[in-house]
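Asker: sharing a model prediction with you, sequence too.
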Amino acid sequence: MNSRDEAERRIRLAERHLYEAEEATNRNDFPEAVGHSQLCVENAAKAIIACFCIPSWSHDPSEELRQAVVPLKLEQAAMAEIERLADFAHLLAPEHGRTNYGTITHLPDELYGKTEAKDALGMARQALRIARGFIRDYYDRPNNEGTYSGRSS
């Protein structure tokens, strides 16, 4: 596996899921919007993980992400961004099943409204921004220094 190719592939997956989440929100299909937002966040986290190892199949890569960046000794701002992404991944991971199957007492469309969709979409947008910045900084530094400032836009 080429780590950069895998990281960039994961970014493309995250971008696709963000697009689908936005389209679903526009259609008022809120379970679909939350589901695609969750997949966007998951793939954004896995894009960073892919810089260091093959990501697991877990829908909650939050701890895997935190552990992957430990050797980098990131600046405080950068670590705060990674923590934010990890928190989003952990928070949205349970939605993977709920958006598809619902719960014992509720169907997916009974669980989600506009507020939940917009909140998840906001996390997805931030997650993708963080992952893009990390990938750019990590691979495009001179001599592949592998640094990340956390100040990406």
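Answerer: Structure received.

Asker: correct me, but Arg125 touches Leu18?
Answerer: Yes: with contact defined as C-beta atoms under 8 Å, Arg125 counts as touching Leu18 (6.7 Å). In short, each C-beta sits where N, CA and C put it, glycine included.

Asker: what pLDDT does the most centrally placed residue in the chain get?
Answerer: Nearest to the geometric centre of the chain sits Val41, at 2.0 Å (C-alpha atoms, centre = their mean). Looking at Val41, its pLDDT reads 98.

Asker: dump the residue contacts of it.
Answerer: 14, 85, 88-89, 92, 123-124, 127 (C-beta atoms under 8 Å, 6 or more residues apart in numbering).

Asker: ramachandran coordinates for the residue of the chain most remote from its centre?
Answerer: Here the chain reaches farthest from its C-alpha mean at Thr105, the gap being 28.4 Å by C-alpha atoms, centre = their mean. Thr105 adopts backbone torsions of phi -110, psi -10, taken as degrees, to the nearest 10.

Asker: so who does it touch?
Answerer: Per C-beta under 8 Å, 6+ apart, neighbours of Thr105: none.

Asker: one step back: ok, Arg125 and Leu18, which is more surrounded?
Answerer: More crowded of Arg125 and Leu18, by other C-beta atoms under 10 Å: Leu18, with 22 against 17.

Asker: quick check: the more buried one touching Glu42?
Answerer: No: with contact defined as C-beta under 8 Å, Leu18 does not reach Glu42; the gap is 11.7 Å.
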